[in-house]
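Student: 3D, please:
(one chain, ligands or ions: 1)
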Amino acid sequence: MRSIHILIPVLFFCACSPESKDTSQNAMETKVDSLVSIMTLQEKIGQLNMYNGTWEFTGPVPSDENSQEKAENIKKGLVGGMLNVLTAEGTREAQKLAVEESRLGIPLIFGYDVIHGYKTMFPIPLAQAASWDPSVGRESSAISAKEMAASGLHWAFGPVMDIARDARWGRIMEGAGEDPYLTSVFARAWVEGLQGDDLTSEETVAACAKHFAAYGFAEAGLDYSTVDISNHTLYNVALPPFKAAVDAGVATVMNAFNEIGGIPATGHRHLQRDILKGAWGFDGIMLSDWASINEMVTHGYSKDSASAAKSALLAGCDMDMESRIYERHLEGVISSGGLDEALLDDAVRRILKLKFQLGLFDDPYKYSDMERERTTILTSEHLAKARETGRKSIVLLKNDRSILPLKKAGQKIAVIGQLASSKDVVLGSWRAQAIPNSGISILEGIQGAVERSTSVSYARGYTLTKGDRTFRFELDIVEGDRSGFSEAVQVAGRSDVVILVMGEDCFQTGEGRSQVDIALKGNQEDLLKEILKVNKNVIAVLMNGRPLAIPYVAENVPAIVETWYLGSEMGNAVADVLFGDYNPTGKLPVSFPYHVGQEPLYYYVKNTGRPVPNEFDAGMVFWAHYTDSPKKALFPFGYGLSYSSFEYSDLQLTAVEKGVNVSVKVTNTSEVDGVETAQVYIRDIHASETRPAKQLVDFRKIAISAGQSETVTFTLSTEDLGFYHAGYSFYAEPGVFKIMVGGDSQNLLTEDIELDF
Ligand code: NOJ
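Tutor: Next up is the predicted model:
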């Protein structure tokens, strides 16, 4: 028996092998069809089945978890893919079961959550977006792909393109922030980086655009919670990044845990079949999220698991991650006539096609190469890129008295804060296979950057977490511990300058980590107050994966540097900026509030019928404002300083056929060469559906030498000026447009122009 099991796959693949190098669509379709034609119903359902391995659980562990049974099912050809199977050796072992012991020997596909690095960690996605430089996304993803592919993995469960407007939502760190245009730019870059231009290459992997759709709109920022979003916002805000990813050729998409208007995304036929696979022509795999098919029962949508299986497949969900619902119920549903087998065949085809595209039928072990794994991962070249992308992701928020950059020589520098010395927090949440405590801490980065004539003294100061915080699921946040204050104040008092590293532990953000408060925890602000009594030269270095409400810090320290979590080389990247080896270029991809009560806070808001005429002098209450807090952002979207200073002038608009040309002069008014990110926003002043008062439609990074000016030009077409209308058609409406250009979303030159299309 055993020899037949082995022989059949060998014969099948020998017959296919010469042709399988032919990448033409038709040849592949023929191979897929011929394979589908010899598969049993159970084998076809098996391809839709994705198991979790035993290395890691990134979702609730099923009560009937049985790895022996899973291995047996792989041998029976009842499994199509796995997640959380790790290392070249581990994937090779699992692959062997499928390829050498199942009847048809169809290889497994292995997926893993890789969103900002595999072992070499790059800035968290939100930080990458702060670079406003898509090459940061593209290049870091290409390295992630190379490393994970050398470890046996074929499929990255990323990028994340959820628009996140509520800073309480812990998963805001996984995406590119609040804006659909910026997120679309990064969605494209991340997909291009992961997939390259050849999926068969050993250095690329399939990407997965997630979470389809509107997952970031969870009510009150509560992860997994209800989403109730209008079509107007769904089409114009939540979906564009996914469309961009599909246009960039993303191989797979993952649906989401949330319901939208009463229908769980996993069973949402209109989203998956009509929009994604229909209107957008997506021909890749739609993967469920972890057990999200079964969760449709808990949502109160499907009456039992069998009906969840039916709804999910009908809706276009091709693959079942870890709920084993397709495995257990699809056969019954199809055999009893409850579902057309053609739907199953279509899903199987999509899965087999990707396996062919990845070259798995030519060599199912080609990614599982122990030697390549040993030599490819965590190389000095990868670490250098981590440092480069890290410093590009830093945003300078305040720099009074030009206190930054610091001198490297002859200084007494105090570095204070528990976060400052952490070699682990720097790696960020969703850190794939990063080695715990392996990053360069901010303290180490500073110590490594200064000259011998400078002394660096460290004090912990506040205590934010205690215990082994590398354990990812429970974080013990401490409040009220002042035991480190006096040492910190002493160190601050005898120093020229204090670098106070403040913020959040990286595991305060990520999946399942929503918070009701986004102020600094762990007595950090109290410590700052004590330090300011002895030294006013405080540079606040922020580490965080979400916008923070920090009005006191903003008001009282002369300099603030937003550094997020930058990955393996964080300390070095931060030191590059603090000591002026790199002139900061980042801009915020999210709005920072004064108070958590402003959330969701985002710049892309409508005018309303009662905009505040002049924020605080309105003199009346009958305006859209808060009576106890500013309405605007503390630090707005698009904002970020540099050691250079820039001025915008000469905004000129020229109507062209179906669009407008925009030109603006940007002058570097400082004595330092620098890079500015010029941003273009529009407002369609009157439209058949109201449009936001500002909407980012383009931007450009421009290097400008000290004292020089550059004229930047943009061409806006109907693609930029239009929007999705109810009924889902996209077009631009003629009329007057406001065109705004500047260095952030609040300081803009403005001109109006009448356009006819
Ligand atoms: C659930 C998360 O929502 C998703 O992003 C991730 O890919 C899966 N778990 C697998 O870990």
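Student: Please report phi then psi for the closest residue to the ligand within the chain.
Tutor: As assessed by CB to the nearest ligand atom, the ligand sits closest to Thr58 within the chain, at 3.0 Å. Using the backbone N, CA and C atoms, a C-beta is placed for each residue, glycine as well. For Thr58, the backbone dihedrals (degrees, to the nearest 10) come out as phi -110, psi 30.
Student: Just list the residues touching it, thanks.
Tutor: Neighbouring residues of Thr58 by CB atoms under 8 Å, 6 or more residues apart in numbering: 52, 83-84, 113, 290, 511.
Student: Show me where this structure dips below the pLDDT cut-off.
Tutor: 1-23, 470-473, 614-619, 727 (pLDDT under 70).
Student: tell me which parts of it are close to the ligand?
Tutor: For the chain, the contact set with the ligand under CB under 6 Å from any ligand atom comprises 58-59, 83, 113, 157, 210, 289-290, 511.
Student: ok, for the residue nearest to the spatial centre of the chain, nearest residue in space, not its chain neighbours?
Tutor: By CA atoms, centre = their mean, the chain has its centre lying nearest to Gly175, at 2.5 Å. Excluding its sequence neighbours, the residue lying closest to Gly175 (CB to CB, 6 or more residues apart in numbering) is Val160, at 4.4 Å.
Student: what's across from that neighbour in the sheet?
Tutor: Residues in a beta bridge with Val160, per DSSP bridges, are Lys210.
Student: Please report the distance of it from Met39.
Tutor: 33 Å (CB to CB, to the nearest Å).
Student: The two: which has the busier surroundings?
Tutor: For Val160 versus Met39, the count of surrounding residues by other CB atoms under 10 Å is larger for Val160: 30 against 19.
Student: In contact with the more buried one, which residues are there?
Tutor: Shown in contact with Val160 (CB under 8 Å, 6+ apart): 115, 125, 171, 174-175, 210-211.
Student: next one: Lys606
Tutor: 690-693.
Student: ditto for Phe212
Tutor: Applying CB under 8 Å, 6+ apart, the residues near Phe212 are 242, 253-256, 265, 271-272, 276, 286.
Student: Among these, which one is most surrounded by other residues?
Tutor: With neighbours defined as other CB under 10 Å, the most crowded of those is Asn255; it has 30 neighbours.
Student: Settle this for me: that one is touching Leu287, isn't it.
Tutor: Yes: if you go by CB atoms under 8 Å, Asn255 and Leu287 touch, sitting 7.3 Å apart.
Student: Need the overlap of contacts for the two.
Tutor: Common contacts of Asn255 and Leu287 (CB under 8 Å, 6+ apart): Cys317.
Student: where along the stretch 601-750 of the chain do the strands fall?
Tutor: 646-656, 659-668, 674-684, 695-704, 709-717, 723-724, 730-731, 735-742, 748-755 (DSSP state E, counting those that start in this stretch).
Student: Quick one: list the elements packing against the last one.
Tutor: In other words, strand 748-755. strand 646-656, strand 659-668, strand 735-742 (3 or more CB pairs under 8 Å, 6 or more residues apart in numbering; DSSP states H and E).
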